[in-house]
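K.L.:
Here is my input, please return the structure:
(chains A and B)
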Amino acid sequence: GQQVKQSSPSLTVQEGGISILNCDYENDMFDYFAWYKKYPDNSPTLLISVRSNVDKREDGRLTVFLNKSGKHFSLHITASQPEDTAVYLCAAGASNYGNEKITFGAGTKLTIKP
Amino acid sequence: DMKVTQMPRYLIKRMGENVLLECGQDMSHETMYWYRQDPGLGLQLIYISYDVDSNSEGDIPKGYRVSRKKREHFSLILDSAKTNQTSVYFCASSLFWGGEQYFGPGTRLTVL
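P.N.:
Residues are numbered from 1 along each chain as shown, chains lettered A, B, ... in the order given. Sure thing, here's the model as predicted:
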C-alpha cells in the first residue's frame, strides 16, 4: 500500500489566499519530511524539508507543520500567487542506516485563480 | 551550476528489447536515485545508490537493474523491456541521504 498519501489530487485557491496541502504517512520510522514542487514537463525541485525533531519550519511564504502523533504533515503557502500553480509532491523517509528510502506521495495539483 | 543530466530524453523500444538509461551528475553527490512517474502514482523509487557499487532496491525494483561504477554516473537497465515499463524515468542525486535531491530532466520511455 501507499506509505505516503496525498488525499487531495487537486486544490484551487484564490490569489492572495492561503494554500494548505496535506500529506499522511504510515511508517512510524519516518524522520525526514519534504515538499517538492513540479511544473508540467519539468523536474521536481525541493521547496522545504524538516526533520522529526521539529514540528514547524517557516521559510518566507512557506510553512511546514509536522504532527508526528497523527502521522501527518502539511505545507501552508500564504499570499498565494499564480506562479504557485504547480503539482506539489510530499515525501517522507526513514534514516535507518543502510536502508534509507524516501517515498513520494502522488501529488496535489494546486491552481491559483487570479 | 549544479546539474543532473539524463540520456536519452526520449526513447521508443519494442517489447523484449534491452534499454539503457544513463544519468550523470557533476556535484560529487554520494547518493543517487532512479524513479518512475506514472499518472496518479507520483514518483516511485526503483533503486537507490549510496555510492559506487553500493546499490539497494527501492519500492519497485522488479524488471530493473542498475550499475554505478563511477560516483558521477548511475545507469538504469531494463533487460527485455515490457509494455508496462512505459513511463517517465527520473534520476536524482543528493549529497547524502536526506539531503536535497536534485532531479534530472527525465527520460520518456515508450515500450511498444
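
K.L.:
buried ones in stretch B:24-36?
P.N.:
Neighbour counts over stretch B:24-36 (16 or more other C-beta atoms under 10 Å in any protein chain shown) mark B:Gly24, B:Gln25, B:His29, B:Glu30, B:Thr31, B:Met32, B:Tyr33, B:Trp34, B:Tyr35, B:Arg36 as buried. Where you see a C-beta, it was placed from the backbone N, CA and C, and this is true even at glycine.

K.L.:
Quick check: closest non-adjacent residue to the fifth one.
P.N.:
So that's B:Thr31. B:Ser94 (4.8 Å; C-beta to C-beta, 6 or more residues apart in numbering or on different chains).

K.L.:
residue ranges of the strands in the chain, please?
P.N.:
Let's take chain A. Using DSSP state E, the strands of chain A run over residues A:4-5, A:10-14, A:19-25, A:32-38, A:45-51, A:56-59, A:62-67, A:72-77, A:86-94, A:101-104, A:108-113.

K.L.:
I was after chain B.
P.N.:
With DSSP E as the criterion, chain B has strands spanning B:4-7, B:10-13, B:19-25, B:31-38, B:42-51, B:54-57, B:65-70, B:73-78, B:87-94, B:102-103, B:107-111.

K.L.:
got these as a markdown table, with mean pLDDT columns?
P.N.:
Compiled in a markdown table, the strands of chain B are given as follows (pLDDT from 0 to 100):
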| stretch | mean pLDDT |
| --- | --- |
| strand B:4-7 | 96 |
| strand B:10-13 | 97 |
| strand B:19-25 | 98 |
| strand B:31-38 | 94 |
| strand B:42-51 | 91 |
| strand B:54-57 | 92 |
| strand B:65-70 | 97 |
| strand B:73-78 | 98 |
| strand B:87-94 | 95 |
| strand B:102-103 | 93 |
| strand B:107-111 | 97 |
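
K.L.:
Out of these, flag the one nearest A:Ile18.
P.N.:
strand B:42-51 (23.8 Å; C-beta to C-beta).
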